[in-house]
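# here you go, sequence then predicted model.
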Amino acid sequence: LSFYQDGNSNNPTVEFPENPIYQRYAADVAYGFALNSYSDHFLSLRGAFLTQGPFQEAVIGGHWKNKLARVSGNNFMIGSYLRLNNYIESFQPNAVVLMTGVELQDVKLGISYDINVIGGKLANRNAIELSLIYIGNYANESYLCPTF
């Protein structure tokens, strides 16, 4: 795909195509709270909506997080999410995502498994994803950087 009509960005009389690449919009909402007064158990609920041209996707779900020790900053997480995509006439489930992981100070290790349910039926195109996230120090301490 090209942003230019003839695919040549060096042409000074370039015209933009009639059908440009669609702009993508995304909204993400999350709410987390402690389940007890000691703050050992947390619940995080999330929702996201993405749209690009005629295509839309929604993801809803949450995960539970438990401290592995009272002071350590290490946590265990487990949760699930539902991904919905627009089809011809309505939103339908596309995948159920099961996830688990651990937070070890500034490092998060996770594994998730996507169970595809195309059109409400189980599909045989499932996927495993591994994730490794490092949360380092940032220069602007006054800027709010959420953690999930």
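Now that the structure is in, tell me what you want to look at.
# tell me who's in contact with L132.
When contacts are counted by C-beta atoms under 8 Å, 6 or more residues apart in numbering, L132 touches 107-110. All C-beta spots, glycine's among them, are computed from the backbone N, C-alpha and C.
# out of those residues, who's nearest W64?
Nearest to W64 among these, counting by C-beta to C-beta, is G110 at 13.8 Å.
# wait, doesn't the closest one sit right on L104?
No - contact between G110 and L104 fails when scored by C-beta atoms under 8 Å: they sit 11.5 Å apart.
# those two: which is more packed in?
Ranked by neighbour count (other C-beta atoms under 10 Å), G110 and L104 place G110 first, with 16 against 13.
# the more buried one - nearest residue in space that isn't next to it in sequence?
In space, and not counting its chain neighbours, G110 is closest to G101: 3.1 Å by C-beta to C-beta, 6 or more residues apart in numbering.
# beta partners for that neighbour?
M77, G110 (DSSP bridges).
# quick check: L45 vs G101, distance?
To G101, L45 is 17 Å away according to C-beta to C-beta, to the nearest Å.
# between the two, who's got more neighbours?
Set L45 next to G101 and count neighbours by other C-beta under 10 Å: G101 wins out with 21 against 14.
# is the more buried one in contact with L130, as I believe?
No - assessed by C-beta under 8 Å, G101 is found out of contact with L130, at 9.7 Å.
# okay, and the common contacts of those two?
110-111.
# which residue, neighbours along the chain excluded, lies closest to N75?
Leaving aside its sequence neighbours, N75 sits nearest to E103 (C-beta to C-beta, 6+ apart; 4.2 Å).
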